[in-house]
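Enquirer: fold the following.
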Amino acid sequence: MTEPPSEPIVHVFRPDAIGRDVRVRGWVQKSRSSGGILFLLVRDRTGIAQATARRDALGPDAFDAAEHVQVEGAVRIVGTVADDRRAPGGREIRARSVELIDPGLPFPIFADQTEEYRLDKRHLVIRSAEHVATFRIKAELLRAFREFLDREEVLEMTPPVLSGNAAEGGSEAFRFDYFGRPGFLSQTEQLYLEALLAPHERVYALTPSFRAEKSRTPRHLTEYLHLEVELAWCDLAGLLDFTERMIVHALHAIADRRPEELERLGRPPRELAAIEPPFPRIRYAEAIERLRRAGLPVAWGSDLGSAEERALTLEERRPLFVTHYPRELKAFYMLPSPDDPRTVEAADLLGPEGYGELVGGSCRETDVARLAERIRATGSDVAEYDWYLDLRRHGSVPHAGFGLGVERVLRWALRREHIRETTPFPRTPARLTP
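Expert: The predicted structure is shown next:
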């Protein structure tokens with residue numbers, strides 16, 4: 001005889017569930033025994049419910065076995081839904097049967113453990129309510145980005161993450177032996193997306209990117225999820241408008257669809273829902289002046305690192321665009337500004353409250369000779385980029401694009417202290433496992 005199917009725990013809290021028999025399954029979040037009654041807090045992907053089991057209802061052997069189930073042990077429970085104001089959500093399941101799918105061993109995760117130990121046990125730590133909330137919001141964020149891009153008729157592409165070129169600099173690229181010749185893990189899909197512009201005009205990719213930086217900061221990962229967009233017939237003003245509209249759409253979506261998870265993590269949904277375009281915009285030169293007035297030792301040509309970005313945005317409540325950086329600070333493919341050849345048509349979007357860079361974008365150089373000159377200036381072999389230069393020889397048009405670090409956006413949106421809390425298995429210079 002086929003066993004009746006289990007149902008989601010959330011059904012326990014339906015208006016018509018009182019007095020109804022249910023069959024649920026999940027993991028034990030907490031258990032305690034009081035005399036002849038066992039209390040089990042059980043969760044599945046839809047929610048948490050309390051189950052109570054009496055010794056006389058289960059029988060002595062089954063009750064004794066159920067008493068020994070561990071935190072995160074897996075169970076199947078059959079019983080009747082009843083009102084109980086003392087139970088979470090005001091309902092409980094009065095069990096007639098508690099089947100141990102896997103009673104489990106003592107769970108090794110508890111409060112006051114070191115961060116290193118918790119990272120070693122990350123595969124278990126991610127079961128916590130905080131991580132569950134984080135990754136459900138992250139999934140919603142990704143869905144919202146795709147929704148916006150689909151609405152804007154930007155086509156998703158699938159470029160490779162293995163490459164024969166270090167797109168943004170060899171020192172920060174992971175290099176490996178590719179059947180006897182050098183290969184690189186992708187730092188960016190931009191070059192491939194530019195190749196896909198001619199047939200499609202508006203394209204994007206959502207892929208992992210890898211940076212061999214030894215940066216040990218709260219905002220750096222060696223592997224992160226990279227959303228990159230390339231738009232034909234686009235200038236810098238159009239790129240900034242597109243970027244801020246996408247960010248606002250995504251923030252409003254998670255505020256609307258994941259309010260409970262946001263509240264659990266201490267980020268009121270109304271704060272994200274209140275963020276509207278346009279975002280403030282300042283030129284790099286103005287940023288330098290602001291920083292100098294604040295007492296920071298910067299001058300024209302200084303890179304804006306974590307400290308500088310924090311100083312610029314600490315009092316902001318919306319993201320801030322910094323535009324027109326010095327040419328020497330940016331990648332070889334960026335277009336020089338027509339009004340000042342010292343700068344490029346580029347912008348970084350900085351997260352407010354000191355969270356730093358979220359998005360980097362620019363207009364792309366379309367002149368073959370200038371592009372080749374810039375490649376040589378980086379110390380790279382122009383011949384390795386001949387395929388990229390081909391794009392300028394056969395129907396190149398004005399275009400622009402950006403790259404967005406998904407985990408950085410999420411870190412700011414959730415006000416997480418460290419970026420490693422925004423990805424299930426963070427990769428940093430010190431950590432490659434689990």
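
Enquirer: for residue 177, grab the count of nearby residues.
Expert: The number of residues packed near residue 177 is 8, by other CB atoms under 10 Å. Yep, even glycine has a C-beta here, placed from its N, CA and C like the rest.

Enquirer: so what's it up against?
Expert: Residue 177 is in contact with residue 183, counting by CB atoms under 8 Å, 6 or more residues apart in numbering.

Enquirer: which element is it on?
Expert: strand 175-178 (DSSP states H and E).

Enquirer: any idea which helix or strand comes after that strand?
Expert: strand 181-185.

Enquirer: how far off centre is the strand holding residue 177?
Expert: From the chain centre to the centre of strand 175-178 is a distance of 28 Å (CA atoms, centre = their mean, to the nearest Å).

Enquirer: what about the helices in the stretch 151-300 of the chain?
Expert: Per DSSP state H, counting those that start in this stretch, the stretch 151-300 of the chain carries helices over the ranges 190-195, 197-200, 236-257, 259-264, 269-273, 284-293.

Enquirer: which helices and strands does the second one pack with?
Expert: Here helix 197-200 touches strand 223-232, going by 3 or more CB pairs under 8 Å, 6 or more residues apart in numbering; DSSP states H and E.

Enquirer: residues making contact with the strand it packs on?
Expert: Strand 223-232 is contacted by residues 142, 145, 149, 154, 188-190, 193-194, 196-198, 201-211, 238-239, 242, 397-408, 423, 427 when judged by CB under 8 Å, 6+ apart.

Enquirer: what's the answer for stretch 65-77, then?
Expert: Residues external to stretch 65-77 that are found in contact with it (CB under 8 Å, 6+ apart): 6, 23-31, 33, 38, 40, 42, 51, 53, 58, 93, 95, 97-107, 124, 127.

Enquirer: local confidence estimate at the residue sitting furthest away from the middle of the chain?
Expert: Going by CA atoms, centre = their mean, the residue of the chain most distant from its centre is residue 56, 49.2 Å out. Residue 56 is assigned 95 on the pLDDT scale.

Enquirer: name the helix or strand for it, please.
Expert: Using DSSP H and E, residue 56 falls in helix 55-58.

Enquirer: so which residues of the stretch 1-150 of the chain form strands?
Expert: Along the stretch 1-150 of the chain, the stretches classed as strands by DSSP state E, counting those that start in this stretch are 21-34, 37-44, 47-54, 74-83, 91-102.

Enquirer: the stretch 301-434 of the chain too?
Expert: Using DSSP E, counting those that start in this stretch, the strands found in the stretch 301-434 of the chain span residues 320-323, 336-337, 340-344, 346-351, 356-363, 399-405.

Enquirer: turn those into a markdown table, including distance to residue 166 and mean neighbour count.
Expert: Output for those, formatted as a markdown table (distance: least, CB to CB, whole Å; neighbours: other CB atoms under 10 Å):
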| stretch | distance to residue 166 | mean neighbour count |
| --- | --- | --- |
| strand 320-323 | 26 | 22 |
| strand 336-337 | 23 | 18 |
| strand 340-344 | 20 | 17 |
| strand 346-351 | 20 | 25 |
| strand 356-363 | 17 | 23 |
| strand 399-405 | 16 | 24 |
